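S.K.: What shape does this take:
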Amino acid sequence: MSYSVLIADDDNSLRSILSAALNKAGYDTAKARNGKEAIDCVQQNEFDVILLDIFLGDADGLELIESIQELNPSAAIIVITGHGTTQTAIEAAKRQAYSYLTKPVDRIELLDLVDRAASAASITKEETEIGVAQTAQSIDGQVRMVGQCPAMQIVYQIIGRAAVSDETVLIMGESGTGKELVADLIHQNSPRSDNPFVVVDCSAIPSSLIESTLFGHVKGAFTDAHTDRKGKFEQADTGTIFLDEVGELPIEVQMKLLRVLQEREIEPVGSNKTRPVNVRIIAATNRQLDTAVAQKSFRDDLYYRLNVIPISLPPLRERKEDIPVLIDLFTSQFAQEYQLPKIGISSDTIQKLTEYEWPGNVRELENAIKRALVMCAGQMLLTEHFSEIFDKPFSDSTIDNQNLDQQLYSLLQGQVAEYLESGTDAGQLYAEIRTIFEKPLFEIVLKHTEGNRSKASEILGINRNTLHTKLNEYNIK
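M.R.: Below you'll find the model as predicted:
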């Protein structure tokens, strides 16, 4: 495919040199000596790439970018200047120029950059023509919960039913799945919606301060208690309190929280008098609380009190059909927030983002879109704008690391119990447990290396002969 390039520069010699180099590489070129000629060329022809000098004699190249984009929106603009400064590069990026080069222009660097820019422009043009590009929409600026998968439909139903009641809700899900958003939706749709919604991140408060933070304290309760202070429960009176990461509460505080749930009253630190509170409690956790109960790190009576209305949020990797909808939401919202022009996203990029496992769930996707929009130089988000995602090393696990120890402990506990009950020959436990973990480990690493055993051996830290023996042992093809 032959791409077209407009060279807009007031240097006659440079125009000729650039044109010759690009023609030899197979590009069709046109030339403009100043800003007026550049605009005339763009009005008469459609270009894939535009090399635009900042100083064009009769015009400022940076100020021409917006006009050129209106006339030729799919073109990738490469700014060229002999006076390169950080501010110039920033200004070019702010105006959505594809890239930036300084004089003297290196021929190899130029051809490589033009080739990438032409490919990006081609994708932008194709996606726009077939209507695949996701465009910014006018929205209210608030991140809303979206998703049409069956699991999310169940979540919406539970939210609606929980909202009209005043029962305690326990929201469970991995980090980044939107637990606080669910809590807020329940509150906003409840009879308490006009009253306070108080959020407490239990994992972020030092254990020495958590009791005072939740229940308040009286003057003189401890060294720095110079006045009485209301806790979060009193601040949330008549409204809703959201206890995020409730599984991180110390045992002694769990006992006091249980009393609040049972008696609807609190006792501030340093006081011997209780105070009534009228508050709805919504809790959330990314831990397996049933496992924590078995390990005696979470009270079973508190668990049952919290788990009146359970809501389980699916991880993003289990609702991949919702990823394109979330991408559209975030690109629209952030483009509006940053006052950027309408920016699309290629279908190939959407596909790759959909195939990615998203260990950080919706929060990770949201941050990836935000970062890509800031770094995008053009009218279309491409895979290159998500290099932090696609170029992650294999060591970045898709498993929720915060839950890994509990998951492994629970698994081993079950396997040991099954082994002891089965009457298997003594001395085989270690071999059986090793087999459980080794086989899937080798399968996962080989899948990552696409069957390359040398790379797999390097990742695993074993020699190739050992790997070969293990693959035969477990019959892994």
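S.K.: can you give me the strands in the stretch 151-300 of the chain?
M.R.: In the stretch 151-300 of the chain, the strands defined using DSSP state E, counting those that start in this stretch lie at 169-172, 197-201, 240-244, 265-266, 275-276, 280-285.
S.K.: what about the closest residue to residue 217 other than its chain neighbours, how many residues close to it?
M.R.: Setting aside the residues directly before and after it, residue 217 is nearest to residue 269 in space (CB to CB, 6 or more residues apart in numbering), at 3.9 Å. Every C-beta, even on glycine, is put in place using the N, C-alpha and C of the backbone. Counted by other CB atoms under 10 Å, the residues lying close to residue 269 total 19.
S.K.: just the one 10 residues further on next, same as before
M.R.: Neighbourhood size, residue 279 [other CB under 10 Å]: 23.
S.K.: contacting residues for it?
M.R.: Residues near residue 279 by CB atoms under 8 Å, 6 or more residues apart in numbering: 233, 236, 237, 238, 239, 240, 241, 264.
S.K.: what do you get if the cut-off is 6 Å, keeping everything else the same?
M.R.: Shown in contact with residue 279 (CB atoms under 6 Å, 6 or more residues apart in numbering): 233, 236, 237, 241.
S.K.: Which among these count as buried?
M.R.: Buried members of those, counted by 16 or more other CB atoms under 10 Å: 233, 236, 237, 241.
S.K.: Reformat those residues as CSV; add distance to residue 63 and pLDDT.
M.R.: Converted to CSV, those look like this (distance: CB to CB, whole Å; pLDDT from 0 to 100):
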residue, distance to residue 63, pLDDT
233, 58, 95
236, 53, 96
237, 57, 95
241, 53, 97
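S.K.: Distance check, the closest residue to residue 265 other than its chain neighbours against residue 223.
M.R.: Leaving aside its sequence neighbours, residue 265 sits nearest to residue 274 (CB to CB, 6+ apart; 4.3 Å). For residue 274, the distance to residue 223 (CB to CB, to the nearest Å) stands at 24 Å.
S.K.: and what of residue 98?
M.R.: Using CB to CB, residue 98 is found at 60 Å from residue 223.
S.K.: So if I had to pick from those two, which one is more boxed in?
M.R.: Ranked by neighbour count (other CB under 10 Å), residue 98 and residue 223 place residue 98 first, with 24 against 6.
S.K.: so who does the more buried one touch?
M.R.: For residue 98, the contact set (CB under 6 Å, 6+ apart) comprises 76, 77, 78, 117, 377, 378.
S.K.: Could you tell me which of these belong to helices?
M.R.: Mapping the contacts of residue 98 onto helices (DSSP state H) picks out residue 117.
S.K.: circling back: columns distance to residue 438 on top of the strands of the stretch 151-300 of the chain, output as a markdown table?
M.R.: Shown next, in a markdown table, are these (distance: least, CB to CB, whole Å):
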| stretch | distance to residue 438 |
| --- | --- |
| strand 169-172 | 31 |
| strand 197-201 | 38 |
| strand 240-244 | 37 |
| strand 265-266 | 52 |
| strand 275-276 | 57 |
| strand 280-285 | 31 |
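S.K.: Out of the ones you listed, flag the one nearest residue 113.
M.R.: Of all those, strand 197-201 sits nearest to residue 113, with 45.3 Å by CB to CB.
S.K.: strands paired with the closest one, and their directions?
M.R.: strand 240-244 (parallel) (DSSP bridges).
S.K.: what comes into contact with stretch 113-122?
M.R.: Taking CB under 6 Å, 6+ apart as the rule, stretch 113-122 contacts 3, 48, 49, 74, 75, 76, 78, 98, 99, 378, 382.
S.K.: quick one: buried residues of it?
M.R.: For stretch 113-122, by 16+ other CB under 10 Å, it's 113, 114, 116, 117, 118, 119, 120, 121.
S.K.: for stretch 448-457, same thing?
M.R.: Within stretch 448-457, the residues scored as buried using 16+ other CB under 10 Å are 449, 456, 457.
S.K.: List phi and psi for the first one.
M.R.: In other words, residue 449. With angles defined as degrees, to the nearest 10, residue 449 sits at phi -90, psi 10.
S.K.: In terms of helix, strand or coil, where does the nearest residue to it once chain neighbours are set aside fall?
M.R.: Distances taken as CB to CB, 6+ apart place residue 455 nearest to residue 449, at 4.1 Å, with adjacent residues excluded. Secondary structure state of residue 455, per DSSP: H, G, I helix; E, B strand; the rest coil, is helix.
S.K.: Tell me which residues touch residue 235, please.
M.R.: Taking CB under 6 Å, 6+ apart as the criterion, residue 235 is in contact with residue 198.
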